[in-house]
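Trainee: Here you go, sequence then predicted model.
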Amino acid sequence: MTVTFRIWRQEGTNDPGKLTDYEVEGLTDDMSFLEALDHLNETLVIKNEKVIAYEYDCREGICGQCGVFINGRAHGPHANMTTCQLHMRSFNDGDTIVVEPWRADSFPVVKDLVVDRSALDRIIEQGGYISAKTGTAPEANAVPIGKEIADKAMDAAACIGCGACVATCKNSSAALFTAAKINHLNSLPQGKPEQHQRVLAMTEQMQEEGFGHCTFTGACEVECPEGISITNIAEMNNRVIRASIFG
Amino acid sequence: MTRLNAKVPEGRLEDKWRNYQAKSSLINPANKKKLKIIVVGSGLAGAGAAATLAELGYEIQCFCYQDSARRAHSVAAQGGVNAAKNYQHDGDSVWRMFYDTLKGGDFRSREANVYRLAELSAPLIDHFTQQGVPFAREYGGVLVNRSFGGVQVQRTFYARGQTGQQLLLAAYAQLYKMIRAKKVEMLTRHEMLDLVVINGQAKGIIARDLTSGELKRFAADAVVLATGGYSRVFRLSTLAIGCNGSAIWKAHKQGAYFASPSFTQIHPTALPQSSEAQSKLTLMSESLRNDGRIWVPQNKEDTRKANDIPEEERDYYLERRYPSFGNLAPRDIASRAAKERIDAGHGVGRLKNAVYLDFKHAIRQFGLDTIRDRYGNLFTMYKKITGIDAYQEPMQISPAAHFSMGGLWVDYELMTTIPGLYAIGECNFSDHGANRLGANSLLQASVDGYFILPNTINNYLAGALKEEQETTEHPEFARVEQEVQENIDRLLAVNGTKTVDHFHRELGKIMWQECAMSRNEAGLQCAIEQITQIRTNFWSDVKVTGHDKEMNTELEKALRLADFIELGLLMCTDALNREESCGAHFREEFQTPDGEAIRVDDVYSYVSAWEYGAENFKHHEEALKFEFIEPTVRSYK
Ligand SMILES: Cc1cc2nc3c(=O)[nH]c(=O)nc-3n(C[C@H](O)[C@H](O)[C@H](O)COP(=O)(O)OP(=O)(O)OC[C@H]3O[C@@H](n4cnc5c(N)ncnc54)[C@H](O)[C@@H]3O)c2cc1C
Ligand code: FES
């Protein structure tokens, strides 16, 4: 098949960017979307042009690195899927496919489709952990955790940190990301002692990084590759209130 | 020979680690502050080590090439992590786990290391649980186990199908805790391009800032490599695309010995390559083999759809050859049997490179609901990738390069042959021998980083305290940096006609054909010639556009491939040296008439450790002594 990729090109954070068209031939429908871009890059090299910078690593939908905007949707046309899991059979011969980087003030463009998501790491830095030291752990079964709690913690913990929630939110809010981590840790007995500190520090950092407020539009839940539920945000808000009273 | 001192402590197996700890040097906390350690890698091994060493009081700089430490490839492991807890009372013990691991590796690993791995597994689960890993639980709240990878006891702990992700996120969180405490400086998007050795000791690294392209010098009192596996040398593998061997290869060139480089685990249940353009292979969980039956058409030219081929014209070759283990034969055996059928012309699928994994019989026996319940998520993933509904027609699977058992040679302290340089996790050679048992790798990476290295590194650093600390002003830093720059300049100057991927595909094909599941002398010799030719062609005809003082993903790939090409040569050389068959290493000349491996203990009961030489590699041996067990023959008939 032949498609036209309309791709955002930008040399560096402070340079202007623009969309550029590339017609790509010889694609097959079982190629992944990223393989199609690889193919395009090889043709660019041969034409003596610079390759398009985009990110990926695992190509299995788990490392969270490959996020881009495709035809106006985070990670492309399907719900709950990463870019690397998208295949060309989702497009038609002759399509024009618009590919842009995540757009959010807190995620500056580094180059082309690559953005800087370190703001998410800095939210974790403020309390997205349990202060355990190596060698101080009790026997694992000494603290029973009911299956329902463990499953709920796991649902939240499944977040891959790709940033699709931020990118797709009209407010560029990081609420789903932050809520997922807070609920994972705060719902487990090991995470309880620091729960109030954690929720306050992490939500404060979220604001400091310039992420917008959540207005419960729900787009994040649709685009989240792990289908993390928006109810996590409600739960986080509840935890914030409790923490400001009891913390 | 004298340099290969494994430093195995004295005493009974059970006492060795305790004896070691009792006698190793300690460092006063006030002095630890003055010591700097570089940790390259933020996977389970690297993040665990960096966080723990920082807790101990050292100053740490941690590096990864991704945009965040949380994306290291450990994140992709699905199956689980082993620990001898014997929660199920099914007869598990540290000893049994030690024995299973040693036997699984075909007696090509060091007894004392393997015992320590099993010994430290139970506290590791405690440790991860305390960090908040949401392991699977029973309703009553206790941890669940399952059996995995051909082991007869249930010793595998898991967090849904995302165990690696959850363990890594826990380690990453500990790392960020120490970043907040200002004890770790995290350098993401930085790639180590060389090691700096001063007076025979590792004293720092040269790294490239992948955003600006700038080369930077970092000095430290010790350097820890935790850079993961290098099976991307085959190009198509189950590894993340960025996984590479550059850091360990550069360390090797600076003097660190490379052990058992050719031992690569080939996983039998990956999705087949579907086109030339393909960039990686996806792993399907091994658990599918519990219910799926593997077959190929008896007739080579059979063009019918799978469901149209009648039972009597199907060859259930695993069940035929290994009646007692059947479809559950170990990874190396199942992979090799598939390759044998594919090579004989019975492969299926568009590229004739796959075998069928059929659930028809299981669905008939247990019902669709049960199968959906057991494997539903895997069937969904299969559909996402291939567009095929495996409830209706058989899956197509194919063997794929998966895990590097080889890596930098390390002693019991996990130190390489360069004093002050350590290697932990998948990038060292230890513990797995010639084959890795499922769910033992997350374990090894984690205990290396959390428990072992933080206990052993003091022994070396205690000495470092008395010496003068080197700074990046030392002329050796300038010299190595200049070499790195020249290498980059040379690469950019080639300006040839072929892409990096073109050469990688060529290298991958040769490595896959001659140095993967089965090897023979003529093939390996031919591979060495061909790879030498690829090296020449690469350096005269590769084309990399853009320049080096910018983000240039093509240049990153090119630098990694240049190292893979050299590593490929060493892998073939190693495979040629070992005239026996063991574990993942199957030399066709050494097999019984019915195709089973012949191990030659009298001669090859050693770890091969290679010293770098520009013209050829020099072979050293670490003899393996089995004091506590008697090596037996693995049989799965
Ligand atoms: C698909 C898949 C499934 C698996 N499933 C299981 C399983 O179920 N159970 C199990 O036990 N094992 C499993 N394994 C194996 C296991 O995941 C790995 O062996 C293990 O996670 C390796 O951890 P590591 O810390 O050594 O390396 P990695 O996690 O690969 O980390 C390497 C780190 O080094 C960094 N790095 C590399 N080179 C450089 C450089 N030059 N400069 C700077 N940084 C660098 C990377 O950025 C990264 O941070 C699986 C592997 C794969 C591929
Ligand atoms: S590349 Fe890892 S999630 Fe897509």
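Mentor: Great, that's in hand. Ligands and ions are numbered 1, 2, ... in the order given.
Trainee: Doesn't residue B:124 lie inside a helix?
Mentor: Yes. When DSSP: H, G, I helix; E, B strand; the rest coil is applied, residue B:124 is found to be in a helix.
Trainee: Would you agree it is in contact with residue B:446?
Mentor: Yes. Residue B:124 is within contact range of residue B:446, at 5.6 Å (criterion: CB atoms under 8 Å). Bear in mind the C-beta positions are built from the backbone N, C-alpha and C, glycine included.
Trainee: Residue A:107 contacts residue A:115, correct?
Mentor: Yes. With contacts counted by CB under 8 Å, residue A:107 reaches residue A:115, the gap being 4.2 Å.
Trainee: Put the alpha carbons of stretch B:274-282 into CSV.
Mentor: What follows is stretch B:274-282, C-alpha atoms only, in CSV (Å, rounded to 0.1, in the frame of the first residue of the first chain):
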residue,chain,number,x,y,z
SER,B,274,6.2,-11.7,8.7
SER,B,275,8.2,-9.5,6.4
GLU,B,276,11.7,-8.2,5.8
ALA,B,277,10.7,-4.9,7.3
GLN,B,278,10.0,-6.4,10.7
SER,B,279,11.9,-4.9,13.6
LYS,B,280,11.3,-7.3,16.4
LEU,B,281,9.6,-10.5,17.4
THR,B,282,6.9,-10.7,20.1
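Trainee: any bit of that stretch sitting next to ligand 2?
Mentor: No. Stretch B:274-282 lies out of reach of ligand 2 by CB under 6 Å from any ligand atom, never closer than 9.5 Å.
Trainee: Is that stretch positioned near chain A?
Mentor: Yes. Between stretch B:274-282 and chain A, judged by CB under 8 Å from any CB of the partner chain, the touching residues are B:274, B:275, B:277, B:278, B:279, B:280, B:282.
Trainee: Flag every buried residue along that stretch.
Mentor: B:274, B:277, B:278, B:279, B:280, B:281, B:282 (16 or more other CB atoms under 10 Å in any protein chain shown).
Trainee: my guess is the last one meets residue B:269, correct?
Mentor: No. When contacts are counted by CB under 8 Å, residue B:282 is not listed as touching residue B:269 (10.1 Å).
Trainee: Would you mind measuring from residue B:458 to residue B:37?
Mentor: 11 Å (CB to CB, to the nearest Å).
Trainee: swap that for residue A:225, sorry
Mentor: Counting by CB to CB, the gap from residue A:225 to residue B:37 is 35 Å.
Trainee: returning to that earlier point: between residue B:458 and residue B:37, which one's more packed in?
Mentor: Set residue B:458 next to residue B:37 and count neighbours by other CB atoms under 10 Å in any protein chain shown: residue B:37 wins out with 26 against 21.
Trainee: Would you tell me what helix or strand that one is located in?
Mentor: Using DSSP states H and E, residue B:37 sits in strand B:36-40.
Trainee: Mind listing the strands that strand pairs with, and their directions?
Mentor: strand B:59-63 (parallel), strand B:222-225 (parallel) (DSSP bridges).
Trainee: Nearest spatial neighbour of residue B:16, chain-adjacent residues omitted?
Mentor: Nearest residue to residue B:16, sequence neighbours excluded (CB to CB, 6 or more residues apart in numbering or on different chains): residue B:9, at 4.5 Å.
Trainee: residues near the one you found, how many?
Mentor: Counted with other CB under 10 Å, residues neighbouring residue B:9 total 18.
Trainee: likewise residue B:432?
Mentor: 32.
Trainee: cool, and residue B:465?
Mentor: Residue B:465, neighbours per other CB under 10 Å, totals 15.
Trainee: so what's it up against?
Mentor: By CB atoms under 8 Å, 6 or more residues apart in numbering or on different chains, the contact list for residue B:465 reads B:27, B:31, B:34, B:35.
Trainee: Inside strands: which ones of those?
Mentor: Counting by DSSP state E, no part of those is found in strands.
Trainee: Most neighbours of all the residues you listed, which one?
Mentor: Top of the contacts of residue B:465 by neighbour count (other CB under 10 Å): residue B:35, with 23 neighbours.
Trainee: Mind pulling up the pLDDT for that residue?
Mentor: Listed pLDDT for residue B:35 reads 96.
Trainee: what's the spacing between it and ligand 2?
Mentor: 36 Å (CB to the nearest ligand atom, to the nearest Å).
Trainee: Now do the helices in chain A.
Mentor: Shown for chain A, the helices assigned by DSSP state H span residues A:33-46, A:118-125, A:147-157, A:164-168, A:175-187, A:195-208, A:219-223, A:231-246.
Trainee: Please identify which of those helices is closest to residue B:437.
Mentor: helix A:147-157 (25.2 Å; CB to CB).
Trainee: hmm, the closest one touching chain B?
Mentor: Yes. Using CB under 8 Å from any CB, helix A:147-157 reaches chain B at A:147, A:148, A:150, A:151, A:153, A:154, A:157.
Trainee: For residue B:124 and residue B:446, indicate the residue with more neighbours.
Mentor: residue B:446 (31 against 24).
Trainee: List the contacts of the more buried one.
Mentor: B:44, B:45, B:48, B:81, B:124, B:128, B:167, B:171.
Trainee: Nothing else from me, thank you.
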